[in-house]
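Just a sequence and a predicted model for now, questions to come.
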Amino acid sequence: MMKVHLLRSSGVPINTYQGIVRLLGLPDHNFEFKAVEDCVTFQENILNWDLIFKKCTDFRIRYSLAEEDFVILLTEKPNSLNWFSACDPGGARSIFIHTDDWEYYVPCGAEHPIAYEVIENILERLMFQDIQAMVEIAHDEPRGCINDMCSQKRDIILKLRTADICSDCLDLLDQQNISFQLIQRSLQILESIRENVLYSSRYRQSYGDDQHLPFPVAITLRKLKNTQDPLRKFLYLLDHFDSLVRSFILLAGPVMLGDKFADFYQVNGLNLRPSLGHWVTTLQSLSNELRNTDIYLGTEILNEMKEVKTFCDRDHIVNLRNDRRGHGYIDPNNQAYTNDFEKYRPVVQEIEKRFSPFFSKYKMYQVLNSGRINAASFLVTALDLMGSHPDFAQVEVKIKPQKLEEVPIVNQVYLNSLNGEVWIQVSPYILYSDCPECHHPRVLVADGEKYIDPYIGHRVNAA
């Protein structure tokens, strides 16, 4: 029987950990997955591999584990190479798996892809002598096999839904004399995970598509919908409210006021350290401003903006956010957060409903390049910053500007009307840039003197 010790770092939620153990199943003559009471603590925000595998080695020494035992460290901390998971390059049967961010790539609870990674990495360690051999064999073009490289994180869903091992990799397992029973048991576990992924996918489709929403709003909505923990669900509801108001001002403001929005932004103190209440008050100020033209926003949008301000005042949602998110405490009674969520969910849904017609009028793009096609036309290459998927698709848009200065500027974020004729610059209020905290490209949303990364939650200076 192969013993697999499942070690976690302190930031991995206990309910996620228990779900992983449950998915991997009870001991049989192939595997014994052992839950570990110990927790590992990391002071660093981004972990290098040497430190990760040293923690695994320390655990082995502390409990005098056999060399053939597996130690799998589950950690919420990102790693310096940004891998989902990896085996110890030194050849020991030690593995780490990154447990965060899965909800942004797969339509199911994090325990499912993490449990999948446990089985995948065990088999890979049995197949290959070192990580270099594994990288050489890994499939760059996804096949729906455990050894798909998945350098594009969105590709992970394919192998989760196939739960398969290709014939080439089965041959490699045979060459290493891995028992038929162990492979069979591994496939049974993967199949049980696959069934859960497919069920979750169908279930979550009932929430609706978020591709009509710009990323800062879509990602807070997705976080809200993909968590079941009462505290996190309530806090994500407040974050989504914040994102709706903030994003609407920063996107609708340039549409309504054009070049005058820069002055409006400063006059209303949004360039300083605005609170959520400040953003809501600014929403009222924006609704009192004259629009450039009704064709951009529609004749009803000013009334909708005033109604949203009324909702915020009537239901005291700003005060609630300050008390429970900004200046409050954690109530040990989860039911309290369930009650708060159910009370304020309809308010936030109503605000989302009223702002959605505006969000649906435009696509948000990061311009990568532009070039002339002929005397009248240009081709703009851009990243599509709509929807909640952080791996943004690259698109090409043909435009026919009336004047040369209407050609979108490279490395700036724009709103593009659905007919493709109107391009409105929303940088520097919304940027697509490397986050100084985690050093990955992120959508950054202005928050006074700083920017918020709505994907991870960092508050940073612009890179």
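Okay, I see it.

So which residues of the stretch 201-350 of the chain form helices?
215-225, 230-257, 261-267, 276-287, 294-297, 301-315, 317-321, 334-359 (DSSP state H, counting those that start in this stretch).

Adding mean pLDDT and distance to residue 33, write the ones you listed out as JSON lines.
All C-beta atoms are positioned from the backbone trio N, CA, C, and that covers glycine. Listed next are the helices of the stretch 201-350 of the chain as JSON lines, based on pLDDT from 0 to 100; distance: least, C-beta to C-beta, whole Å:
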{"stretch": "helix 215-225", "mean pLDDT": "88", "distance to residue 33": "29"}
{"stretch": "helix 230-257", "mean pLDDT": "88", "distance to residue 33": "26"}
{"stretch": "helix 261-267", "mean pLDDT": "94", "distance to residue 33": "54"}
{"stretch": "helix 276-287", "mean pLDDT": "82", "distance to residue 33": "44"}
{"stretch": "helix 294-297", "mean pLDDT": "40", "distance to residue 33": "56"}
{"stretch": "helix 301-315", "mean pLDDT": "57", "distance to residue 33": "47"}
{"stretch": "helix 317-321", "mean pLDDT": "57", "distance to residue 33": "41"}
{"stretch": "helix 334-359", "mean pLDDT": "78", "distance to residue 33": "28"}
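
how near is residue 173 to residue 137?
12 Å (C-beta to C-beta, to the nearest Å).

Show me the common contact partners of those two, please.
Shared contacts of residue 173 and residue 137, defined by C-beta atoms under 8 Å, 6 or more residues apart in numbering, comprise residue 127.

For those two, indicate the residue with more neighbours.
Shown here are residue 173 and residue 137; by other C-beta atoms under 10 Å, residue 173 has more neighbours (18 against 15).

What distance do you get for that one to residue 182?
Counting by C-beta to C-beta, the gap from residue 173 to residue 182 is 9 Å.

same check, this time on residue 79
Counting by C-beta to C-beta, the gap from residue 79 to residue 182 is 28 Å.

hmm, back to that, so which of the helices of the stretch 201-350 of the chain comes closest to residue 62?
helix 230-257 (32.3 Å; C-beta to C-beta).

Run the chain-centre distance for the closest one.
16 Å (C-alpha atoms, centre = their mean, to the nearest Å).

now swap in stretch 434-453 and tell me
Relative to where its chain is centred, stretch 434-453 has its mean C-alpha point 14 Å off (C-alpha atoms, centre = their mean).

Buried residues, it. List them.
435, 437-438, 442-447, 451-453 (16 or more other C-beta atoms under 10 Å).

Contacts only, for residue 261.
Contacts of residue 261 by C-beta under 8 Å, 6+ apart are 253-254.

just checking, next helix/strand downstream of the helix or strand in which residue 158 is found?
Counting by DSSP states H and E, the element that carries residue 158 is helix 156-162. Next helix or strand after helix 156-162 toward the C-terminus (DSSP H and E): helix 167-175.

just checking, what packs against that following helix?
helix 111-127, helix 131-137 (3 or more C-beta pairs under 8 Å, 6 or more residues apart in numbering; DSSP states H and E).

Show me the one of the helices of the stretch 201-350 of the chain that comes nearest residue 61.
helix 230-257 (35.7 Å).

now the buried residues of stretch 434-453 in CSV, with distance to residue 379, secondary structure and pLDDT?
CSV is the format used below for the buried residues of stretch 434-453 (distance: C-beta to C-beta, whole Å; DSSP: H, G, I helix; E, B strand; the rest coil; pLDDT from 0 to 100):
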residue, distance to residue 379, secondary structure, pLDDT
435, 29, coil, 87
437, 34, coil, 84
438, 32, coil, 78
442, 26, strand, 91
443, 24, strand, 95
444, 27, strand, 96
445, 28, strand, 96
446, 30, strand, 95
447, 34, strand, 92
451, 30, strand, 94
452, 32, strand, 93
453, 30, coil, 92
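
With respect to residue 37, which of the residues you listed is nearest?
residue 438 (30.6 Å).

Can you tell me how far the closest one is from residue 130?
In terms of C-beta to C-beta, residue 438 sits 28 Å off from residue 130.

My understanding was that residue 256 contacts residue 289; is that so?
Yes - taking contacts as C-beta atoms under 8 Å, residue 256 lies within contact range of residue 289: 6.1 Å.

okay, these two: which has more neighbours?
Neighbour tally, residue 256 and residue 289, criterion other C-beta under 10 Å: the higher count belongs to residue 256, 23 against 14.

how far away is that one from residue 118?
52 Å.

Could you give the number of residues near residue 358?
18.

swap that for residue 354, sorry
19.

what do you get for residue 131?
17.

Let me know the pLDDT of it.
pLDDT recorded at residue 131 is 78.

hang on, the earlier thing: and the helices and strands packed on helix 167-175, which one's lowest on average pLDDT?
Taking the mean pLDDT of these, helix 131-137 comes last: a mean of 82.

Which strands or helices does it pack on?
strand 85-87, helix 111-127, helix 167-175.

Mean neighbour count, the ones you listed: which tops it?
helix 111-127 (a mean of 23; mean count of other C-beta atoms under 10 Å).

List every C-alpha atom in it, with coordinates, as CSV.
Written as CSV, here are the backbone C-alpha positions of helix 111-127 (Å, rounded to 0.1, in the frame of the first residue of the first chain):
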residue,chain,number,x,y,z
GLU,A,111,-11.2,20.5,-3.8
HIS,A,112,-11.9,18.8,-7.2
PRO,A,113,-8.9,20.1,-9.2
ILE,A,114,-6.7,19.8,-6.2
ALA,A,115,-7.6,16.2,-5.6
TYR,A,116,-7.0,15.6,-9.3
GLU,A,117,-3.5,17.2,-9.0
VAL,A,118,-2.7,14.8,-6.1
ILE,A,119,-3.3,11.8,-8.3
GLU,A,120,-1.7,13.4,-11.4
ASN,A,121,1.5,14.2,-9.5
ILE,A,122,1.8,10.9,-7.8
LEU,A,123,1.6,9.1,-11.2
GLU,A,124,4.1,11.6,-12.8
ARG,A,125,6.6,11.0,-10.0
LEU,A,126,6.2,7.2,-10.6
MET,A,127,6.6,7.7,-14.4
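
ok, now which ones touch the nearest residue to residue 430 once chain neighbours are set aside?
Leaving aside its sequence neighbours, residue 430 sits nearest to residue 413 (C-beta to C-beta, 6 or more residues apart in numbering; 4.9 Å). The contact partners of residue 413, taken as C-beta under 8 Å, 6+ apart, are 364-367, 385, 425-427, 430-432.

Would you mind putting these into CSV with secondary structure, pLDDT and neighbour count alongside?
As requested, the contacts of residue 413 are exported to CSV (DSSP: H, G, I helix; E, B strand; the rest coil; pLDDT from 0 to 100; neighbours: other C-beta atoms under 10 Å):
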residue, secondary structure, pLDDT, neighbour count
364, strand, 96, 27
365, strand, 97, 25
366, strand, 97, 23
367, strand, 97, 23
385, coil, 96, 22
425, strand, 96, 18
426, coil, 97, 24
427, coil, 96, 19
430, strand, 97, 27
431, strand, 96, 20
432, strand, 95, 22
